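*Asks:* quick one: sequence and predicted model below, then my questions.
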Amino acid sequence: GFVVDLVTAVNAALVYKYSKAAIDNADKDYLVARYEGWSDSHFVATIFVLLLGRFVFAWLADRLYARHYNQWRVNRDINHGIVLSRLLIAALVTILIVPLLLYRTTQFAPDARTCIKQDRAIAKGEEISFKKRFDCFVIGEFPTLFWIDRPDEISYPRGEDGSRIVKRTPPREGAPPVNLNTYVSQTIDDGISYLTVFYGFLFDGITQVLRGMLSAITSVFVGTPWPITICVLLFIAYRIADLKSALFVGASLIYLTLFGFWQTAMDTLSLVVAASIICIIVGLPLGIWVGKSRVGQAFVTPVLDVMQTIPSFVYLLPAIAFFSIGKPPGILATVIFSMPPMVRLTALGIRQVPESTKEAALAFGADPRQLLTKVELPLALPSIMTGINQVVMMSLSMVVIAALIGAGGMGYIVTEALENTETGRGILAGIGIALLAMMIDRVVQQANQTRD
């Protein structure tokens, strides 16, 4: 009931707010029309929420009260009547919420720029009214609690001997301070610039390794004549999975060839294979460590949480900063995005191995290496295979996004179609990407079931 009345009161306050705004801007017809439209819509919402909300609340309250009354007739110790402590809590909640919320609803909140100018004016000793201070602190954006002196601008010119040097340029006199966001952001940018300038050879080496690995894989998928590639893929699908999966793979490959996506599809498949190999090589031992060590679990789990919750586009920023644009940074961004399922599912499989089975292996004289390779990994293999399947699926989705930084493949067709509003071409490419994913998923899942 409190929530229903609160929603009603907020809509009624908005009616007052926009009606008053329409009167205050009577000389501007477009604003009057806009404010009057908003006022009418909130007036309708006020009546609707008030009537419907009260009806639903009354219908529920009648039944809840009857059930509570029946329980009280059996047990007189349950809550009944008016309890002073609950009444005080309800009053306190109402006092804390309702006035401030209604005030916020009836006022136009100041924007961040206005509040920043006000903070700087206060720092200079200018007089600011209490209402303006209150509005910026309470109903505007979260206030800037403190300001930091603007950091030095850092550049890396070459010295007389040709080597890079660090040059600091202090801010101009009287430059305004910055908030925490700006200060930390510039610090991160300076750190990345320092690493790329003085340790660029490391990133160049990683780029060369990734480019060589990708070239080797691409030469297999793209360099091999397409009839041979199709036959090999069909044979692998038939041997690993079954005839039904092989037929689906064949139909998917025919779609890609008929619509002219063969070359780009093989490029995408090369990127997925390269990223998946790195994820398996790094993620499998890391998952084993997490599954067998509490320290590893406590250290790695928060990192995996961050890797899975950060938006996928964010991974492109450090990839571009350290490795420029192209396929190598696309692979690295894909690896970071796709590795968590491999680590998590490997660790889950290791932890789910029965203790009795491990005790039996130890009783027969197995050392830790034999216990891992002959007992834990075979029993955890279904979970590991599921992790590999998830890695491939997530790699394929991220490779499409990585086309924005020059990774190419099917993602480039989608992004190009998006830029040029070529809806049909983008849909066809999207279907091709979906078929690639389904093709890999069907084969891996059926292979796992056949092995079981």
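*Replies:* Happy to help now that I have it.
*Asks:* which parts of the strand or helix carrying Pro99 are buried?
*Replies:* Assigned by DSSP states H and E, Pro99 belongs to helix 84-106. Within helix 84-106, the residues that qualify as buried are Leu102, Thr105, Thr106, counting by 16 or more other C-beta atoms under 10 Å. C-betas here are computed from N, CA, C, even on glycine.
*Asks:* now do the lengthiest helix in the chain, average pLDDT.
*Replies:* Of all the segments of type helix in the chain, defined by DSSP state H, the longest one is helix 29-74. On average, the pLDDT along helix 29-74 is 90.
*Asks:* from Pro328, how far out is the residue nearest the centre of the chain?
*Replies:* Centroid check for the chain by C-alpha atoms, centre = their mean gives Pro311 as the closest residue, at 2.9 Å. To Pro328, Pro311 is 21 Å away according to C-beta to C-beta, to the nearest Å.
*Asks:* how about Ala363?
*Replies:* Separation of Ala363 from Pro328 (C-beta to C-beta): 49 Å.
*Asks:* those two: who's more crowded?
*Replies:* Ranked by neighbour count (other C-beta atoms under 10 Å), Ala363 and Pro328 place Pro328 first, with 25 against 8.
*Asks:* can I assume the more buried one sits in a helix?
*Replies:* Yes - counting by DSSP: H, G, I helix; E, B strand; the rest coil, Pro328 is found in a helix.
*Asks:* residues contacting it?
*Replies:* Ile206, Thr207, Leu210, Arg211, Leu214 (C-beta atoms under 8 Å, 6 or more residues apart in numbering).
*Asks:* again, only using 7 Å
*Replies:* Applying C-beta atoms under 7 Å, 6 or more residues apart in numbering to Pro328 gives the contacts Thr207, Leu210, Arg211.
*Asks:* follow-up on the earlier one: how about the helix or strand just after the helix holding Pro99: buried residues?
*Replies:* As assigned by DSSP H and E, the chain's next helix or strand after helix 84-106 is helix 112-123. The neighbour-count check on helix 112-123 (16+ other C-beta under 10 Å) flags Cys115, Ile116, Gln118, Asp119 as buried.
*Asks:* then stretch 122-142?
*Replies:* Neighbour-count burial for stretch 122-142, counted by 16+ other C-beta under 10 Å, picks out Lys132, Asp135, Cys136, Ile139, Gly140.
*Asks:* wait, the first one sits on Asp119?
*Replies:* Read that as Lys132. No - contact criterion C-beta atoms under 7 Å: Lys132 and Asp119 do not qualify, at 11.1 Å.
*Asks:* which other residues reach the helix or strand that contains Glu359?
*Replies:* For Glu359, the enclosing helix or strand under DSSP H and E is helix 355-363. Applying C-beta under 7 Å, 6+ apart, the contact partners of helix 355-363 are Leu371, Val375, Leu379.
*Asks:* just the residues you listed now: which is nearest Arg239?
*Replies:* The shortest gap between Arg239 and any of these belongs to Leu379, at 24.5 Å (C-beta to C-beta).
*Asks:* can you report how many residues lie near the residue lying closest to that closest one once chain neighbours are set aside?
*Replies:* Nearest residue to Leu379 in three dimensions, chain neighbours excluded: Val353, at 4.9 Å (C-beta to C-beta, 6 or more residues apart in numbering). For Val353, the neighbour count with other C-beta under 10 Å is 20.
*Asks:* nearest residue to Gly337 other than its sequence neighbours?
*Replies:* No, residue 337 isn't Gly; it's Phe. The spatially closest residue to Phe337, leaving aside those adjacent along the chain, is Met398, at 4.4 Å (C-beta to C-beta, 6+ apart).
*Asks:* hmm, Pro311 and the one you found touching each other?
*Replies:* No - look at Met398 against Pro311 with C-beta under 7 Å: they stay out of range, at 11.4 Å.
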